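J.: everything below, folded, please.
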Amino acid sequence: MEREEEQTRKRYKCSNGEQNALSVDRLNDLPDPLICHILSFLPTKSSVRTSVLGQRWRHLWTYVPNLDFSRANEDFIDKVMSLHRIPDIITFRLKELMAECNGNQIERWLSFAIERNVQNLELYYPPKNVLPQCLFTCQTLVDLRIYMCGTIIVGGTVFLPRLKKLSLIHVRFDADESLPHLLSGCPVLEDLVVESLCLVYFNISSPTLKSLCFKSDGYRFNNIDDRLAINTPALRYLKIDDCLSNHIETGPLTSLLEADIKLHNHKKKQNNLVYSRSALEFIDSLRNTKCLTLNLAFNAKIVNSVFSSSAISFHNLNKLELFADFCVLSKFLENADNLEILIYWEISNGSTRRRMEPPEQVPTCVSSRLRAVKLIHISGEENELEMIGYLMRNGKVLERMEIAYRRFLDFRKTDHMHREISQFERGSEACEVAFSTW
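T.: Sure, this is the predicted structure:
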């Protein structure tokens, strides 16, 4: 028995060896450019290790167009740069370096990449370094991503004529003017991502920007001067997750097609009429969107203080995902005539659950456009059942109503809810009702 097991192990070992040899042989059949392309998807450390595979492989890694220095040390980076032979670099990455590097080292490495016409640059290194000036005058950069490192200062020339994508994640800004100064030197920028731990005044202005993602996620007390200004007339996609701004202002967003907005509420803003009106004016600026996700879960109290009397209209809106209470939902149904898909997360306002007050006249979208509805966090309360009944009864073209109730809801309550909803009058014969847990 032991002899059979030993023979099996030997056969397995031999088989694995043959497979590995076969794999290398198959790679050897490929042309050098294709092998270099395959190696470009590996971290540079792994790419260099292939030099032991044979004479042909010894120098192949030196022609790989991507240099990914993730968790590398200074000596390794310098050695690779001294041996690298290709004149053009597509992607250059410095990430989680093994030792703290000074500004001169960083500038030397970046200069190496810039001199070789780098197109994509990703930096992630200790935060005390000031970003070198050569970075902001690179003629070939298309995509620049800076993570948790460096300081962007106001002075100095900025000219990035080919830059289309820019990500600034937890980067420090020397002054309020730093970001506008940087953006002014990016004449073809299309995609911008900014995440900040401390907001005072962010002024984002670009005539070419098509996509903007902004997030402020600090936990400090709000400064009354914290504000966000957006002037991007060509913008088509906007994502904002904001917990610091006391004021948001925008220029015309006539090109906007999709928005994903999350506005947080801090205790300092409670019942703040000025902030409420600012938030409402910002929501109104989204009126041209076709697809909108709006999360007011942390803002229900102050936004509701002015929402009920507003006249916001969303005539282009086709799909809505809303986190709010019934008051806001009702307002959207009244003013989004072309709404076809609704995803609604019920948010109670304080300790009480408000009833949905149906409009005097059935909204146009409910009677003639609404095809699919998904209601989430439903617990079978009377006010919820009234809303479901209203939508099913008046939805003349409704095709699907999905009720997603809370996962730990009592079985008797879910059973009662199933039976009651299944018996509701349906304005559309094609309407199917589905239940799920959330």
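
J.: now do the strands in the stretch 151-300 of the chain.
T.: For the stretch 151-300 of the chain, the strands defined by DSSP state E, counting those that start in this stretch cover 151-152, 165-169, 172-173, 191-196, 201-205, 211-216, 227-231, 237-242, 247-250, 258-263, 291-295.

J.: how about residues contacting the third one?
T.: Contacts of strand 172-173 from elsewhere in the structure, counted by CB atoms under 8 Å, 6 or more residues apart in numbering, are 127, 150, 151, 152, 179, 196. In short, each C-beta sits where N, CA and C put it, glycine included.

J.: mind redoing it with 10 Å?
T.: 127-128, 130-131, 148-154, 178-179, 181-182, 194, 196-198, 200-202 (CB atoms under 10 Å, 6 or more residues apart in numbering).

J.: quick one: residue 27 and residue 36 touch, right?
T.: No: Residue 27 is beyond contact range of residue 36, at 11.7 Å (criterion: CB atoms under 10 Å).

J.: quick one: which of those two has more around it?
T.: With neighbours defined as other CB atoms under 10 Å, residue 27 and residue 36 compare such that residue 36 has more, 19 against 16.

J.: secondary structure element for that one?
T.: Counting by DSSP states H and E, the element that carries residue 36 is helix 32-39.

J.: name the spans of the stretch 201-350 of the chain whose pLDDT lies under the cut-off.
T.: Within the stretch 201-350 of the chain, the ranges that satisfy pLDDT under 70 run 218-225, 244, 265-273, 298-310, 348-350.

J.: can you give me the helices for it?
T.: 273-284, 300-307, 326-335 (DSSP state H, counting those that start in this stretch).

J.: for residue 417, find the nearest of those.
T.: helix 326-335 (17.5 Å; CB to CB).

J.: and that closest one with helix 273-284, angle?
T.: Angle between the axes of helix 326-335 and helix 273-284 is 40 degrees (criterion: axes from the mean of the first three to the mean of the last three CA atoms, to 10 degrees).

J.: return helix 326-335 as PDB; C-alpha atoms alone will do.
T.: Extracted C-alpha coordinates of helix 326-335, given in PDB (Å, rounded to 0.1, in the frame of the first residue of the first chain):
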ATOM      1  CA  PHE A 326     -42.800  59.800   2.200                       C
ATOM      2  CA  CYS A 327     -43.000  63.600   1.900                       C
ATOM      3  CA  VAL A 328     -40.100  63.700  -0.500                       C
ATOM      4  CA  LEU A 329     -41.200  60.600  -2.400                       C
ATOM      5  CA  SER A 330     -44.600  62.200  -3.000                       C
ATOM      6  CA  LYS A 331     -43.000  65.400  -4.300                       C
ATOM      7  CA  PHE A 332     -40.900  63.500  -6.800                       C
ATOM      8  CA  LEU A 333     -43.900  61.500  -8.100                       C
ATOM      9  CA  GLU A 334     -45.700  64.800  -8.700                       C
ATOM     10  CA  ASN A 335     -42.800  66.400 -10.500                       C
END
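
J.: elements contacting it?
T.: strand 291-295, helix 300-307, strand 319-324, strand 341-346, helix 364-368, helix 382-394 (3 or more CB pairs under 10 Å, 6 or more residues apart in numbering; DSSP states H and E).

J.: could you dump those into JSON lines and include mean neighbour count?
T.: As requested, these are exported to JSON lines (neighbours: other CB atoms under 10 Å):
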{"stretch": "strand 291-295", "mean neighbour count": "20"}
{"stretch": "helix 300-307", "mean neighbour count": "20"}
{"stretch": "strand 319-324", "mean neighbour count": "20"}
{"stretch": "strand 341-346", "mean neighbour count": "20"}
{"stretch": "helix 364-368", "mean neighbour count": "19"}
{"stretch": "helix 382-394", "mean neighbour count": "18"}
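
J.: redo those as JSON lines? Include distance to residue 283.
T.: Putting the helices and strands packed on helix 326-335 into JSON lines (distance: least, CB to CB, whole Å) gives the following:
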{"stretch": "strand 291-295", "distance to residue 283": "7"}
{"stretch": "helix 300-307", "distance to residue 283": "8"}
{"stretch": "strand 319-324", "distance to residue 283": "11"}
{"stretch": "strand 341-346", "distance to residue 283": "16"}
{"stretch": "helix 364-368", "distance to residue 283": "18"}
{"stretch": "helix 382-394", "distance to residue 283": "22"}
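
J.: out of these, which gets nearest to residue 436?
T.: Judging those by CB to CB, what sits closest to residue 436 is strand 341-346, at 12.6 Å.

J.: and the closest one, which strands flank it?
T.: strand 319-324 (parallel), strand 372-378 (parallel) (DSSP bridges).

J.: okay, angle between that strand and strand 291-295 too, please.
T.: Using the same axes, to 10 degrees, strand 341-346 lies at 0 degrees relative to strand 291-295.
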